[in-house]
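Student: Have a look; sequence and predicted model below, questions after that.
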Amino acid sequence: MVRVIGLMRVKNEARWIERCVRSILPICERVLVMDDHSEDATAEICQGIPGVTVYDSPFTGINEARDKNWLLEKARAAEWIWMSDGDEELMAESIPAIRRAIGSETPCFTVKILFAWDREDQIRTDGVYRNFRRASMFRPGNARFEATAAGGNFHCGNAPIALQRVAKPLEASLLHFGYLHREDRIRKYNWYRSVDRDNHSEDGYRHIAIGDAFPADSVFKWGGPLELKELSAC
């Protein structure tokens, strides 16, 4: 049995996809990438990395849970699945802890997500960003990603919900680049609101744009006032 297969569902991540894929190759026997109709060189970059298989999405429209189940079915033979995003780099110091966890009976593990903000050596630490963890490594079994109440079936996670409920924390971190630049934060704020406008639990996604579309001292449900720290201090 293959021990660990990495899964990524990606779109237009050419800026950082190579470093993010290569960061998980030390823990994965291979990585399967579902390219969701990228309009940049994401797919071509991935195809050039040894150990990576790229699949073009057969779907149209936004449905996160559907896409992740389709990708998961291609890795059922694995003992473990590692799932991260195309804009997330596994911190190198996390690798020993992950390798130890592979021998564990625990069915699912969470890792810390560090949100790079304005600079790669600076992260956001207010509100939900301070101690954000996501289930990213799990034993696949027969578990499936479930539909959510959010538009596009957003927020179904990087592990099926049944496994998220029994997940344990792992001393590992992913550095997230998706909010690194101001223009990306504003674009994503507007995009989420257009696709998932009625998701009141997300508070209109306003936390994403504190310091950009909203004053830095704004306080909303999931964040504020804006607080940034050096990555090396966290």
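Tutor: Perfect, thanks for sending it.

Student: Ser173 reaches Thr110, doesn't it?
Tutor: No - using Cβ atoms under 8 Å as the test, Ser173 is too far from Thr110 to be in contact (10.9 Å). Bear in mind the C-beta positions are built from the backbone N, C-alpha and C, glycine included.

Student: Find the nearest non-adjacent residue to the residue nearest the centre of the chain, please.
Tutor: With distances taken as Cα atoms, centre = their mean, Asp85 lies nearest the centre of the chain, 3.7 Å away. Nearest-residue entry for Asp85: Met8, 6.8 Å, with adjacent residues in sequence omitted and distances by Cβ to Cβ, 6 or more residues apart in numbering.

Student: So which elements touch the strand or helix carrying the one you found?
Tutor: Taking DSSP states H and E as the criterion, Met8 maps to strand 4-10. Judged by 3 or more Cβ pairs under 8 Å, 6 or more residues apart in numbering; DSSP states H and E, the packing partners of strand 4-10 are helix 17-24, strand 30-35, helix 64-73, strand 80-83.

Student: Give me whichever of those is most buried.
Tutor: Among the helices and strands packed on strand 4-10, strand 80-83 has the highest mean neighbour count (mean count of other Cβ atoms under 10 Å), at a mean of 25.

Student: Could you list the buried residues of the longest helix seen in the chain?
Tutor: Taking DSSP state H as the criterion, the chain has its longest helix at helix 182-195. Neighbour-count burial for helix 182-195 flags Asp184, Arg185, Tyr189, Tyr192, Arg193 (criterion: 16 or more other Cβ atoms under 10 Å).

Student: Which other helices and strands does that helix contact?
Tutor: In terms of contacts (3+ Cβ pairs under 8 Å, 6+ apart), helix 182-195 is not packed against any helix or strand.
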